[in-house]
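Participant: fold the following, please.
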Amino acid sequence: IINNLQLIIKNNQDDNSMILCDFDPWIYESQEALLTSMLDAILNSVGLNSRYSSAKSMVNSVARTILGEHVVGKIANDILSNSLYNEDLNSIKCLINEHLSIYDKTLVVFIDNVDRASSDNIIFLFKIISTILDLNRVVYVLSYDRERIDRILEKSLEIDKHYLEKIVQQEIRVPKLGGDKFEKVISISIKNVLTAYGVTDVKQFNFITDFLYQYISDIRMFKRLINSAFSIAFSDTNLYKPDLLALEIICFLDNELYDTIKDNYIYFVSFDMQYDYNAARATVRKDQYYKDRKAFFEKLESSHNAELIKLLANVFPNIESFINNRDSFYGDSENSSMYKSANLQSRASSTKFFDLYFSYNNNDFLGVSKFYSSFYDQIEQIDLPLIPKTVEECFQELPKEYHREFFEKMWFNQKDFEKQRNYPLLLGLKSIILHVDTESEFLRLSPYIRAISIMATLFSMISAEQKELFIESVSKDYKYLYTLYQMTSWLEDQDKDSLEIINKALEEMFRAISNNTINLYDDSFYIRNNIWAFVWVKKRLFGLDDSVEIRDYINKVFNNGIVYRILSDLISCSIGSYGYSYYIEDKSIKVFFEDTELIDKTIEHFPPNNKKEQFIFRVYMEYKNGVPGMLNRKEIIEKNPVDFDLND
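Facilitator: Okay, here's the model as predicted:
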């Protein structure tokens with residue numbers, strides 16, 4: 001109100017007849033400092049400070065004028081005993097009055113936050129205004145909390161409780177904001193703050209605005225909230241701002257609840273439980289987990305404000321489930337919009353990011369999120385011809401251990417790219433697909449298969465002409481045989497027409513390989529498992545299940561240099577709680593060979609000469625001489641995945 005009033009005065013006076021002066025008494029600890037600073041402020045405002053270098057020269061005169069040692073306190077005694085200063089206060093007052101009169105000016109002194117000063121200083125200030133600085137053409141505008149001032153005056157032994165009525169000539173009570181006006185102030189303020197922080201979609205913060213309508217009743221608290229929770233949440237971080245702001249508001253309003261959330265995350269997180277040992281372990285026995293979670297939330301609800309719990313429901317789906325009496329567990333359903341949001345926006349409901357909302361730290365998951373977000377923005381903004389090259393360049397910067405997370409995020413966006421960008425993006429993925437990590441995890445797709453599924457989706461969305469161009473670009477390059485075959489498995493249910501186009505291309509590739517005896521194990525065409533696509537195409541598209549033709553093909557292309565590549569294709573891998581199991585099965589051997597004689601003779605003359613070949617040899621010898629273990633397999637179990645891909 002004061003700021004608006006000053007602005008109105010400045011903008012609506014043509015003759016500059018009013019001089020404005022601001023003074024905050026609460027920042028001064030001593031009465032002497034308060035008095036001298038106020039005198040300095042007045043003299044400086046009217047342009048007389050150059051003649052009187054310091055207001056301290058008037059302290060002696062002022063102190064003598066204030067009657068009553070108890071009002072001024074010890075400082076008055078110190079001032080009265082100091083004979084150094086002997087300026088005549090009355091002459092100074094006359095000078096100020098004459099100066100304002102000659103120049104036809106009125107000085108308006110705004111004294112804000114009076115109630116925030118100490119009790120002694122408040123009484124001291126009123127004495128100064130009423131007895132000492134009662135100047136002509138000077139108006140004092142005091143801002144204070146009337147209830148606090150009344151309490152101070154009632155406790156004072158030196159001043160009558162009605163003293164304030166003698167000083168204040170006009171009192172303007174400011175009513176508390178309520179109802180629609182209060183909501184409007186909060187709504188506009190939040191929108192302005194968010195805009196200042198660079199937020200373009202303020203609607204995603206509506207739940208926070210709605211909460212503040214219900215919870216905040218004091219503008220001063222709201223102001224503190226803006227200056228604390230908002231400023232912290234919008235510090236340099238890539239976390240999801242609405243979640244982060246909601247948690248910071250809870251920290252500001254109820255620190256105990258904030259700590260409870262942080263220390264009991266297994267009840268709050270809903271997604272990616274497998275990435276956290278405690279969360280995964282807690283949810284193995286789901287019935288018990290549901291029971292424990294419900295009991296925990298019931299206790300939480302009884303111990304904390306209901307509006308704060310509702311605010312949390314916008315951050316954590318499990319709280320929403322509890323409030324709505326739906327005791328379901330939000331798992332990793334990839335078709336869930338909440339799971340998509342949790343991963344793409346790095347939300348607190350995922351174990352990947354939860355602790356970052358409390359530590360403001362970074363981890364690899366957030367690093368990939370930042371990388372992918374930059375990639376997505378680039379693809380959406382650059383010229384179409386630049387997209388394939390951009391995909392290549394971004395992929396080259398991406399460490400192999402980040403492939404899984406990157407393509408999972410891209411999978412969520414696979415239908416979100418601008419339509420005209422689908423084809424160049426497909427070409428970009430084609431250029432990198434043979435270098436994507438093929439390693440699987442327990443119950444999760446490998447990055448390679450995830451990327452294949454994205455390619456299938458993009459292929460189904462491009463035009464007929466673009467499909468023809470894409471098929472033409474891969475059908476003569478037999479390295480992509482396995483890629484095309486894998487794409488068909490993702491098109492069977494979503495796009496029969498696209499499936500038929502790829503199947504036709506696979507048929508032509510199969511015939512060309514068979515008729516021309518193209519060696520899929522040559523460096524030009526070798527990709528691990530490419531041969532299995534050849535086998536599966538033969539079986540699925542031609543209805544042939546006779547291994548004789550495949551064996552004949554292997555015999556024609558076989559040479560000593562490819563034996564470890566063939567064995568690599570024969571190795572299967574399964575993943576369980578015990579680790580990674582690598583093994584070869586009889587049925588796989590029988591597809592390629594009548595027996596192992598040719599393999600044995602070749603290995604005898606060409607023993608393994610690098611780590612990858614040595615591992616392949618170990619698995620093969622386990623198949624030959626090992627003792628069947630779990631599931632009757634002769635297997636080698638490793639704690640971590642083994643890279644034995646011989647593509648390079």
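
Participant: what's the burial count for Val436?
Facilitator: As a burial measure, Val436 scores 21 neighbours (other C-beta atoms under 10 Å). All C-beta spots, glycine's among them, are computed from the backbone N, C-alpha and C.

Participant: and the spatially closest residue to it that is not a sequence neighbour, how far from Glu98?
Facilitator: In space, Val436 comes closest to Tyr448 once its chain neighbours are excluded; the distance is 4.5 Å by C-beta to C-beta, 6 or more residues apart in numbering. Here Tyr448 is placed at a distance of 91 Å from Glu98 (C-beta to C-beta, to the nearest Å).

Participant: can you count the residues close to the nearest residue to Ile2 once chain neighbours are set aside?
Facilitator: Using C-beta to C-beta, 6+ apart and skipping the chain neighbours, the partner closest in space to Ile2 is Phe110 (5.6 Å). Counted with other C-beta under 10 Å, the neighbours of Phe110 add up to 18.

Participant: any idea how far Phe110 lies from Ile1?
Facilitator: 11 Å.

Participant: likewise Leu366?
Facilitator: For Leu366 relative to Ile1 (C-beta to C-beta), the value is 44 Å.

Participant: what about the chain, any weak spots by pLDDT?
Facilitator: Scanning the chain for pLDDT under 70 picks out the ranges 49-89, 157-161, 326-335, 443, 541-546, 648.

Participant: can you count the residues close to Asp145?
Facilitator: Considering only other C-beta under 10 Å, Asp145 is surrounded by 13 other residues.

Participant: tell me the secondary structure for the residue lying closest to Asn278 once chain neighbours are set aside?
Facilitator: Distances taken as C-beta to C-beta, 6+ apart put Ile266 closest to Asn278, at 5.7 Å, once the chain neighbours are dropped. Using DSSP: H, G, I helix; E, B strand; the rest coil, the secondary structure recorded for Ile266 is helix.

Participant: contacting residues for Ile266?
Facilitator: With contacts defined as C-beta atoms under 8 Å, 6 or more residues apart in numbering, Ile266 is in contact with Asp276, Asn278, Ala279, Ala282, Thr283.

Participant: so the first one is in contact with Val269, correct?
Facilitator: Yep, that's Asp276 we're talking about. Yes. A contact is recorded between Asp276 and Val269 when judged using C-beta atoms under 8 Å, the distance being 7.5 Å.

Participant: more neighbours: which of the two?
Facilitator: Val269 (27 against 18).

Participant: got the contact list for the lengthiest helix in the chain?
Facilitator: In the chain, assigned by DSSP state H, the helix with the most residues is helix 496-516. Here helix 496-516 makes contact (C-beta under 8 Å, 6+ apart) with 456, 459-460, 467-468, 471, 474-475, 478, 481, 484-485, 487-488, 491-492, 518, 520, 533-534, 537-538, 541-542, 549, 553.

Participant: could you redo the last one with a cut-off of 7 Å?
Facilitator: Outside of helix 496-516, the residues within contact range by C-beta atoms under 7 Å, 6 or more residues apart in numbering are 459-460, 467, 471, 475, 478, 481, 484-485, 487-488, 491-492, 518, 520, 534, 537-538, 541.

Participant: separate out the buried members of these.
Facilitator: Buried members of these, scored by 16 or more other C-beta atoms under 10 Å, are 459-460, 467, 471, 475, 478, 481, 484-485, 487-488, 491, 518, 520, 534, 537-538.

Participant: can you flag which of those residues belong to helices?
Facilitator: Using DSSP H, these in helices are 459-460, 467, 471, 475, 481, 484-485, 487-488, 491, 534, 537-538.

Participant: in CSV: the residues you listed, plus distance to Glu380.
Facilitator: Formatted as CSV, those follow (distance: C-beta to C-beta, whole Å):
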residue, distance to Glu380
Phe459, 20
Ser460, 20
Lys467, 23
Ile471, 26
Ser475, 30
Leu481, 32
Leu484, 27
Tyr485, 31
Met487, 24
Thr488, 29
Leu491, 25
Phe534, 38
Val537, 36
Lys538, 42
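
Participant: show me which of the residues you listed is closest to Lys105.
Facilitator: Closest approach to Lys105 among those (C-beta to C-beta): Ser460, at 79.1 Å.

Participant: who touches the closest one in this structure?
Facilitator: Ser460 neighbours (C-beta under 7 Å, 6+ apart): Leu491, Gln494, Asp495, Ser498.

Participant: can you tell me how far it is from Leu469?
Facilitator: 15 Å.

Participant: can you check Ser431 too?
Facilitator: Look at Ser431 and Leu469: by C-beta to C-beta, they are 14 Å apart.

Participant: equivalent analysis for Ile554, please.
Facilitator: From Ile554 to Leu469 the distance is 34 Å (C-beta to C-beta).

Participant: who has more neighbours out of these two?
Facilitator: Ile554 (19 against 13).

Participant: who does the helix or strand encompassing that one touch, helix- and strand-wise?
Facilitator: Counting by DSSP states H and E, the secondary-structure element that holds Ile554 is helix 547-557. Judged by 3 or more C-beta pairs under 7 Å, 6 or more residues apart in numbering; DSSP states H and E, helix 547-557 is in contact with helix 586-592.

Participant: if we use 8 Å, what do you get?
Facilitator: Counting contacts by 3 or more C-beta pairs under 8 Å, 6 or more residues apart in numbering; DSSP states H and E, helix 547-557 packs against helix 530-542, helix 586-592.
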